[in-house]
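Visitor: Structure of the sequence below:
(one chain, ligands or ions: 1)
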Amino acid sequence: MLNESVIEVRDLRKKYGDFPAVDGISFEVRRGQIFALLGTNGAGKTTTLDVLGGFLRPTSGSVRVLGLDPARDRAKLGSRLGIMLQEAGFFESLTVAETIDAWRRFTPGARPRAEVLELVGLTHRTSTGVGRLSGGERRRLDLALSLLGGPEVLFLDEPTTGLDPEARRNTWNLLRELAQRGMTVLLTTHYMEEAEFLADRLAIMDRGSIVREGSLAEIRARTASTITFSLPAPLTLADLPRPENTQVEEEAGQVSVTTREPQRTLGLLLGWADTRNLDLTDIHVDAGSLEDVFLDIATGERTTR
Ligand SMILES: Nc1ncnc2c1ncn2[C@@H]1O[C@H](COP(=O)(O)OP(=O)(O)OP(=O)(O)O)[C@@H](O)[C@H]1O
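Guide: Predicted coordinates for the structure are as follows:
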């Protein structure tokens, strides 16, 4: 059933001693969605994932995965839930094939070994000792193990850290394909382009709280865009219009107009140029990127809250 809420987090708090690592967060993820948790270092992403995986109990609030409490009903969730944590604990002396086979014995309805290795692009390492895998290959072996039971829900903690650009792109495509077939994915990441490429919705955490949540478009709409163009000769900055709520600057003949309403501001500028028969050459609109939003949170807002 699409639109069904698969992950529910309600006013979750988790303290380590007196320290509130997660300080009252709420969100939900629907079936087939990819949800990315971004955040500054120590924001509480891994702690949230650990609570959702049933490894930690909340201090207060509640979490539900497929309608179940992951700490109490872990066994019932079984292989409906796949989890890939940050640090994989492998037996270094086993080969990739032996590692998969060992896990398959404990995973009811496990996918065939060749199938999972193919999915993550590790077929060529089937007989390699785990101790000889590169960091990126270990990450992919980890992903293979989390996908073994054909889970309905997948939790991934920084899944592509250490992967080269091609392997990262392949992992993204795989996750997208699995989500299209109905798998729900919650991942943490430090890569803005990963969240931009993958996430249907995302939340940015800072010091235990969610400070932004929504689709990429919704989040970007809350940050400023910049319109740039060459200053038409012989005008000076003083000749330019000053649309409301914008900041207009000039450097070496390049004008930049910062605005939270790019469409309206652009319309005003083009209308103004038209009536004067001016050519605004090199005109370019740069929508605020996720990285800008993130940096605002990590730097600017940090000092004002
Ligand atoms: N077992 C623990 N005992 C005490 N404090 C902890 C423990 N685990 C985590 N913390 C603290 O809780 C906060 C949140 O940690 P967490 O690992 O959830 O953050 P994160 O967002 O995943 O960070 P990163 O992006 O750096 O991986 C950090 O300040 C961390 O030092």
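
Visitor: Spell out which parts of the protein neighbour the ligand.
Guide: 16, 19, 21, 39, 41-47 (C-beta under 6 Å from any ligand atom). (Glycine included, C-beta is placed from N, CA and C.)

Visitor: ok, now with 8 Å
Guide: 16-17, 19, 21-22, 37, 39-50, 86, 157-158, 188, 190, 205, 208 (C-beta under 8 Å from any ligand atom).

Visitor: Which positions in stretch 182-199 come out as buried?
Guide: 183-189, 191-192, 194-195, 197-199 (16 or more other C-beta atoms under 10 Å).

Visitor: Check stretch 281-295 too.
Guide: Neighbour counts over stretch 281-295 (16+ other C-beta under 10 Å) mark 288-290, 292-294 as buried.

Visitor: what's the spacing between that stretch and its chain's center?
Guide: Put simply, stretch 281-295 sits 19 Å off its chain's centre (C-alpha atoms, centre = their mean, to the nearest Å).

Visitor: Same check on stretch 175-187?
Guide: 13 Å.

Visitor: Contacts made by it with the rest, please.
Guide: For stretch 175-187, contacts defined as C-beta atoms under 8 Å, 6 or more residues apart in numbering pick out 2, 6-7, 29-37, 49, 52, 147, 151-159, 194, 198, 200.

Visitor: From the buried residues of stretch 281-295, which land in helices?
Guide: 290, 292-294 (DSSP state H).

Visitor: which residues touch the residue of the chain most remote from its centre?
Guide: For the chain, the largest distance from the centre (C-alpha atoms, centre = their mean) belongs to Pro234, which lies 46.8 Å off. Pro234 makes contact with no residue under the criterion C-beta under 8 Å, 6+ apart.

Visitor: What separation is there between Gly214 and the ligand?
Guide: In this view, Gly214 and the ligand are 19 Å apart by C-beta to the nearest ligand atom, to the nearest Å.

Visitor: Measure how buried the nearest residue to that residue once chain neighbours are set aside is and give me the count.
Guide: Spatial nearest neighbour of Gly214, excluding adjacent residues (C-beta to C-beta, 6 or more residues apart in numbering): Arg201 at 6.5 Å. If you count neighbours by other C-beta atoms under 10 Å, Arg201 ends up with 19.

Visitor: doesn't Val29 make contact with Arg201?
Guide: Yes. The pair Arg201 and Val29 qualifies as a contact (C-beta atoms under 8 Å) at a distance of 7.3 Å.

Visitor: which residues do the two both contact?
Guide: Common neighbours of Arg201 and Val29, using C-beta under 8 Å, 6+ apart, are Phe35.

Visitor: coming back round to it: now, the residues of the chain next to the ligand that are in helices?
Guide: Per DSSP H, the residues of the chain next to the ligand map to helices at 45-50.

Visitor: Can you add pLDDT and neighbour count and give these back as CSV?
Guide: Below are these laid out as CSV (pLDDT from 0 to 100; neighbours: other C-beta atoms under 10 Å):
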residue, pLDDT, neighbour count
Lys45, 95, 25
Thr46, 94, 19
Thr47, 96, 21
Thr48, 97, 30
Leu49, 95, 23
Asp50, 94, 20
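
Visitor: how about the strands in the stretch 151-300 of the chain?
Guide: Remark: strands assigned in the stretch 151-300 of the chain by DSSP state E, counting those that start in this stretch are 153-157, 184-188, 201-206, 209-214, 225-230, 246-251, 254-259, 284-286.

Visitor: looking at those strands, which is buried most?
Guide: strand 184-188 (a mean of 25; mean count of other C-beta atoms under 10 Å).

Visitor: Between strand 201-206 and that strand, find me the angle.
Guide: 30 degrees (axes from the mean of the first three to the mean of the last three C-alpha atoms, to 10 degrees).

Visitor: Sheet partners, orientation included, of strand 184-188?
Guide: strand 34-39 (parallel), strand 153-157 (parallel) (DSSP bridges).

Visitor: So which residues make contact with the first one?
Guide: Applying C-beta under 8 Å, 6+ apart, the contact partners of strand 34-39 are 7, 27, 29, 45, 48-49, 175-176, 179, 184-190, 192, 194-195, 198-206, 290, 294.

Visitor: for the shortest one, same thing?
Guide: Strand 153-157 is contacted from outside by 6-7, 45-46, 49, 52-53, 65-66, 80-86, 143, 146-147, 175, 178, 183-188, using C-beta under 8 Å, 6+ apart.

Visitor: try 6 Å
Guide: With C-beta atoms under 6 Å, 6 or more residues apart in numbering as the test, strand 153-157 has contacts from 6, 46, 49, 53, 81-86, 183-188.
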